[in-house]
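Asks: Sequence and computational prediction follow.
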Amino acid sequence: IPSIYILTYVLITVSDDLVKDCLSVLYNCCICMEGVTKSLASRDDFVMFLFTLMSNKKTFLQTATLIEDILGVRKEMIQLEGIPNLPSLVQSFNQQQLANFCRILSVTITEPDLGNDDKHTLLAKNAQQKTNLCPSHSEVNQVALLNIPGFIERLCKLATRKVSEASGASSLLLELQDWYTLLDNALVLDALMQMATEDAEQKSPDESSLVTSPLRHSLPQSMKIVHEIMYKVEVLYVLCVLLIGRQRNQVHRMLAEFKLIPGLNNLFDKLIWRKQTSTHVLHGQNQNCDCSPEISFKIQFLRLLQSFSDHHENKYLLLNAQELNELSAISLKANIPEVEALVNTDRNLICDGKKGLLTRLLSVMKKEPAESSFRFWQARAVESFLRGSTSYADQVFLLKRGLLEHILFCIIDSGCKSRDVLQSYFDLLGELMKFNIDSFKRFNKYVNTEEKFQTFMTQINSSLVDSNMLVRCIILSLDRFEINRKVVLSECSLLSYMVRVENRLTILFRLVNIINVQTLTQENVSCLNTSLVVLMLARRRGKLSFYLNALREKEYTEKYPGCLLNNFHNLLRFWQRHYLNKDKDSTCLENSSCILFTYWKETVSVLLDSDRTSLCAIANFLEV
């Protein structure tokens, strides 16, 4: 180890070629000698010094590779603000270097994976938030990047730049899969960048030098596409993380201004979804992906769309002018006002061409093979477009394109076994059907036999954690359709099923029984909120005590009196602490249910009333 420190010291005074050799020696030491990487990572001064070496184009690649390896083992996240002259360093990078630098940035702006399920419970997260009142290192780093002039604009240009089309390229596209199996992804990118860097030394330093260089034209077209795709993966990942950070609105404005969405729309057919990809495994939403570049690229693209649309007025940038006009026409025909976000959409920033990005996504979604895990990400991306305050025009826009029938096919007829994929389709179906009588009628038209209906209900009942958002949608919609109750029930078997009190009670019992305070997570807390929706609607009709008494009777039937209601009482006390936190944004509960949040709070207070004589208090039904 001391000899390695001497080697690092030598880096300051030697020539570029020797620096490259020293960096290669250090990198190999990190790979071959246990503890070297951690030892180097613990020296902040050395890590900061490595960043200064990135300003030299001749040593950039070796330095970036070593930094990436070192940051991967650091216990504490590096602070970007501590890098000497960070803005000027980043501005000195050409586009290829900036893309590679994004691989390093991804480590510095992403919250570390705690790797322990207990740490992911809401109970643990709330406790952690109380102790960590200051912004996290990753949040500080995100702000540092956004303060670099031109940074987001350059990332948008990288993400939307087209692949150069060489003559005869179409016959070479089939080579792409072979490259995946023969070469390590990172090595492909690094090798290309190394060759490009060496070639660029003899050419113009302009950012387009790699595109126009003889070297690039000498490579197989499939390799050029791999290269293009691989750095786009890194860029899209960084943009996606920034989109879900605390500076989300600022990032949104910049991505809209620099026309990221129209640019991706223009890449869709030729690069993003140009052909079907081979079978692949499903990756979780926050899971690192080590699969082929094209699969990673598609997943990052879909994650970006999901983050971009989710509860944000800029979601209409995913449409073109004709599609925006179609939404306006739907509202006019239904005699309802256009949503404010649609009216305020800047048409200079929307998609161009015959189809918008959302419509293109729907087209490939319906063609996706049954076993493809892309279904999960596609459904999430489309669902995010519908999230927030329910828009009838948005729903009809998607209904006209056959989305509901496609979802039902996937749930009932496709033979899909993946719980993640099925959950994504249940959630999407819920957003598509909520408060929309046309959706329920179309459901009945597709689910036109008892066998299909039973298959559908089996899928719902097999995992209420996955399907509870759809159940909530059905219950809320049934309440909304109360005026036309007889007509509605005669036209939809799903509503007829849910109108039966015994069915709702069974669902309520199961929802409360499958969670407790210790196991609540961001994924299953929706079960608690769905159970609250059932009881809020019961309270509105003066039947809250009836439901509580039914739960008590169910306890006795199942031979564990007090267990269910005590658990529910504890869950509601946690709900108060969690959702009444002044920093907690609870508008999503109000928007998704169309029930004022004050009524949510009042109902919980009524249920938690300590007065044992209150017929609507859980305490009245507990054993003394």
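Replies: In hand now; what should we look at? Because the structure is a prediction, the values reported are computed rather than measured.
Asks: What ranges does the stretch 501-624 of the chain have for its helices?
Replies: All helices of the stretch 501-624 of the chain, identified by DSSP state H, counting those that start in this stretch, fall at 501-513, 525-540, 544-557, 563-579, 587-593, 597-607.
Asks: which secondary structure elements does the shortest one contact?
Replies: Here helix 587-593 is seen to pack against helix 597-607 when contacts are counted using 3 or more C-beta pairs under 8 Å, 6 or more residues apart in numbering; DSSP states H and E. All C-beta atoms are positioned from the backbone trio N, CA, C, and that covers glycine.
Asks: Can you give me the buried ones in the helix it packs on?
Replies: When neighbours are counted by 16 or more other C-beta atoms under 10 Å, the buried residues of helix 597-607 are found to be 597, 600, 603-604, 606-607.
Asks: okay, now the closest residue to residue 263 other than its chain neighbours: neighbour count?
Replies: Setting aside the residues directly before and after it, residue 263 is nearest to residue 160 in space (C-beta to C-beta, 6 or more residues apart in numbering), at 2.7 Å. Counted with other C-beta atoms under 10 Å, residues neighbouring residue 160 total 20.
Asks: Surely residue 160 is in contact with residue 265?
Replies: No: checked against C-beta atoms under 8 Å, the pair residue 160 and residue 265 is beyond contact range at 9.1 Å.
Asks: Which stretches in the stretch 301-450 of the chain count as helices?
Replies: 321-334, 340-343, 357-367, 374-386, 392-399, 403-408, 419-433, 437-446, 450-462.
Asks: can you redo the ones you listed as TSV with mean neighbour count and distance to residue 63?
Replies: Written out in TSV, the entries for the helices of the stretch 301-450 of the chain read as follows (neighbours: other C-beta atoms under 10 Å; distance: least, C-beta to C-beta, whole Å):
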stretch	mean neighbour count	distance to residue 63
helix 321-334	15	46
helix 340-343	14	45
helix 357-367	20	37
helix 374-386	24	34
helix 392-399	21	48
helix 403-408	21	48
helix 419-433	23	39
helix 437-446	18	56
helix 450-462	14	52
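Asks: Quick one: closest of these to residue 43.
Replies: Shortest separation from residue 43 across the helices of the stretch 301-450 of the chain is recorded for helix 374-386, at 39.8 Å, computed as C-beta to C-beta.
Asks: Can you show me the CA trace of the closest one as CSV?
Replies: Once non-C-alpha atoms are left out, helix 374-386 reads as follows in CSV (Å, rounded to 0.1, in the frame of the first residue of the first chain):
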residue,chain,number,x,y,z
PHE,A,374,-41.2,-4.3,-20.7
ARG,A,375,-45.0,-4.5,-20.0
PHE,A,376,-44.3,-3.5,-16.5
TRP,A,377,-42.4,-0.3,-17.4
GLN,A,378,-44.8,0.5,-20.3
ALA,A,379,-47.8,0.3,-18.0
ARG,A,380,-46.1,2.4,-15.4
ALA,A,381,-45.3,5.1,-17.9
VAL,A,382,-48.8,5.3,-19.3
GLU,A,383,-50.3,5.2,-15.8
SER,A,384,-48.3,8.2,-14.7
PHE,A,385,-49.9,10.2,-17.6
LEU,A,386,-53.3,9.5,-15.9
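Asks: helices or strands up against it?
Replies: Packed against helix 374-386, as judged by 3+ C-beta pairs under 8 Å, 6+ apart, are the following elements: helix 293-309, helix 357-367, helix 392-399, helix 419-433.
Asks: can I get those helices in a markdown table with distance to residue 21?
Replies: Compiled in a markdown table, the helices and strands packed on helix 374-386 are given as follows (distance: least, C-beta to C-beta, whole Å):
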| stretch | distance to residue 21 |
| --- | --- |
| helix 293-309 | 30 |
| helix 357-367 | 47 |
| helix 392-399 | 58 |
| helix 419-433 | 47 |
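Asks: Nearest to residue 122, out of those?
Replies: Nearest of the helices and strands packed on helix 374-386 to residue 122, taken as C-beta to C-beta: helix 419-433 at 18.6 Å.
Asks: just the angle between the closest one and helix 374-386, please?
Replies: Orientation note: helix 419-433 sits at an angle of 30 degrees relative to helix 374-386 (axes from the mean of the first three to the mean of the last three C-alpha atoms, to 10 degrees).
Asks: so how far is helix 419-433 off the chain centroid?
Replies: Once both centres are worked out by C-alpha atoms, centre = their mean, to the nearest Å, helix 419-433 turns out to sit 15 Å from its chain's centre.
Asks: Of the helices of the stretch 501-624 of the chain, which stretch is the most buried?
Replies: Across the helices of the stretch 501-624 of the chain, averaging neighbours per residue (mean count of other C-beta atoms under 10 Å) puts helix 525-540 on top, at a mean of 21.
Asks: pLDDT averaged over it, what's the number?
Replies: When pLDDT is averaged over helix 525-540, the result is 96.
Asks: Same list (the helices of the stretch 501-624 of the chain) but as JSON lines, adding distance to residue 90.
Replies: Below are these laid out as JSON lines (distance: least, C-beta to C-beta, whole Å):
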{"stretch": "helix 501-513", "distance to residue 90": "49"}
{"stretch": "helix 525-540", "distance to residue 90": "39"}
{"stretch": "helix 544-557", "distance to residue 90": "59"}
{"stretch": "helix 563-579", "distance to residue 90": "39"}
{"stretch": "helix 587-593", "distance to residue 90": "35"}
{"stretch": "helix 597-607", "distance to residue 90": "42"}
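Asks: who wins for proximity to residue 439 among the ones you listed?
Replies: Residue 439 lies closest, by C-beta to C-beta, to one member of the helices of the stretch 501-624 of the chain: helix 587-593, at 15.9 Å.
Asks: With residue 53 as the reference, measure out to residue 46.
Replies: 11 Å (C-beta to C-beta, to the nearest Å).
Asks: Name the residue in those two with the higher neighbour count.
Replies: For residue 46 versus residue 53, neighbours defined as other C-beta under 10 Å are more numerous around residue 53 (21 against 17).
Asks: Tell me if I'm right that the more buried one and residue 63 touch.
Replies: Yes: because the distance of 4.4 Å satisfies C-beta under 8 Å, residue 53 is recorded as touching residue 63.
Asks: Overlap of the contact sets of those two?
Replies: Any residue near both residue 53 and residue 63 by C-beta atoms under 8 Å, 6 or more residues apart in numbering counts here, and that gives residue 23.
Asks: and the closest residue to residue 363 other than its chain neighbours, what does it touch?
Replies: Nearest-residue entry for residue 363: residue 355, 7.5 Å, with adjacent residues in sequence omitted and distances by C-beta to C-beta, 6+ apart. Contact partners of residue 355, counting by C-beta under 8 Å, 6+ apart, are 265, 320, 323, 363.
Asks: which one of the residues you listed sits closest to residue 313?
Replies: Among the contacts of residue 355, residue 323 lies closest to residue 313 (C-beta to C-beta), at 16.1 Å.
Asks: Can you tell me which of the helices of the stretch 301-450 of the chain is nearest to residue 111?
Replies: helix 374-386 (19.6 Å).
Asks: can you give me the angle that closest one makes with helix 357-367?
Replies: Per the same axes, to 10 degrees, the angle that helix 374-386 makes with helix 357-367 is 150 degrees.
Asks: Surely residue 427 touches residue 384?
Replies: No: Residue 427 lies out of contact with residue 384 (C-beta under 8 Å); the separation is 10.0 Å.
Asks: before we move on, back to that, model confidence score at the residue nearest to residue 263, please.
Replies: According to the predicted model, the pLDDT of residue 160 comes to 95.
Asks: distance of it from residue 590?
Replies: Plainly put, residue 160 is 36 Å away from residue 590 if you go by C-beta to C-beta.
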